[in-house]
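Engineer: Predicted model, plus sequence, below.
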Amino acid sequence: LVHCHKMQRIFSSLSAVRQPAALQASVRALSYTPGEQRAPRPGRVYRRSMNRATLIGTVGQDMEVVELEEDRCIGKFPLATSTPMPSNLELANPNATQWHQVVIKNPKYVRALAENNVVRKGAQVFVEGRIETRAFETDGVTKRATSIVVAGPSANVNVLWSPEDAASADLD
């Protein structure tokens, strides 16, 4: 902190001299007190990243609950999504289906979904989570698996429609 104040005094003594833009930026960077909020500099690119996946698809199998040690568990199920292609493209399969492995890591959430038995084969669900890739070895060959991990405050699984809803609608 003392070094910064010395540098600030040196730069401020040069203020009468015309300073290049890079030097002016250095002076501005040094001329703040710790804890002070500064506005971002114009033209500055802040590099941030975000890992977030949002899917709406059909559940391929009933959710499997895997019990781990110390009252921990995870829930897993495959989710099918399809992207409709434009009709002017002559493709063998115009609605290509992608399969995603969804892993729910919040034990309370897993148990609540399992108790109510809502994540069932054929249900349409809305999933928010993050993309996670893990490496594992099988028969001496390293393989990679990508899954959608539902964990954290912004993670979510909502059942939009289930086969039971359709069956009860048909009875009415």
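Structural biologist: Received it, and whenever you're ready, just let me know what you need. Residues are numbered from 1 along each chain as shown.
Engineer: Name the secondary structure element that contains L113.
Structural biologist: In the assignment (DSSP states H and E), L113 maps to helix 107-116.
Engineer: G75 now?
Structural biologist: strand 73-84.
Engineer: Parallel or antiparallel, list what pairs with that strand.
Structural biologist: strand 53-59 (antiparallel), strand 64-67 (antiparallel), strand 95-104 (antiparallel) (DSSP bridges).
Engineer: what's the span of stretch 62-69 from first residue to last?
Structural biologist: 23 Å (CA to CA, to the nearest Å).
Engineer: hmm, back to that, okay, the angle between the helix holding L113 and strand 95-104?
Structural biologist: Inter-element angle recorded for helix 107-116 and strand 95-104: 120 degrees (by axes from the mean of the first three to the mean of the last three CA atoms, to 10 degrees).
Engineer: which other helices and strands contact helix 107-116?
Structural biologist: strand 64-67, strand 73-84 (3 or more CB pairs under 8 Å, 6 or more residues apart in numbering; DSSP states H and E). All C-beta spots, glycine's among them, are computed from the backbone N, C-alpha and C.
Engineer: 7 Å instead, please
Structural biologist: For helix 107-116, the elements it packs on are strand 73-84, judged by 3 or more CB pairs under 7 Å, 6 or more residues apart in numbering; DSSP states H and E.
Engineer: How about residues contacting the strand it packs on?
Structural biologist: 55, 57-61, 63-68, 94-105, 107, 110, 113-114, 119, 125, 127 (CB atoms under 7 Å, 6 or more residues apart in numbering).
Engineer: ditto for stretch 147-154
Structural biologist: Taking CB under 7 Å, 6+ apart as the rule, stretch 147-154 contacts 53, 55, 100-106, 127-132, 157.
Engineer: just the buried members of the residues you listed?
Structural biologist: Buried subset of those (neighbour count, 16 or more other CB atoms under 10 Å): 53, 55, 100, 102-106, 127-130, 132, 157.
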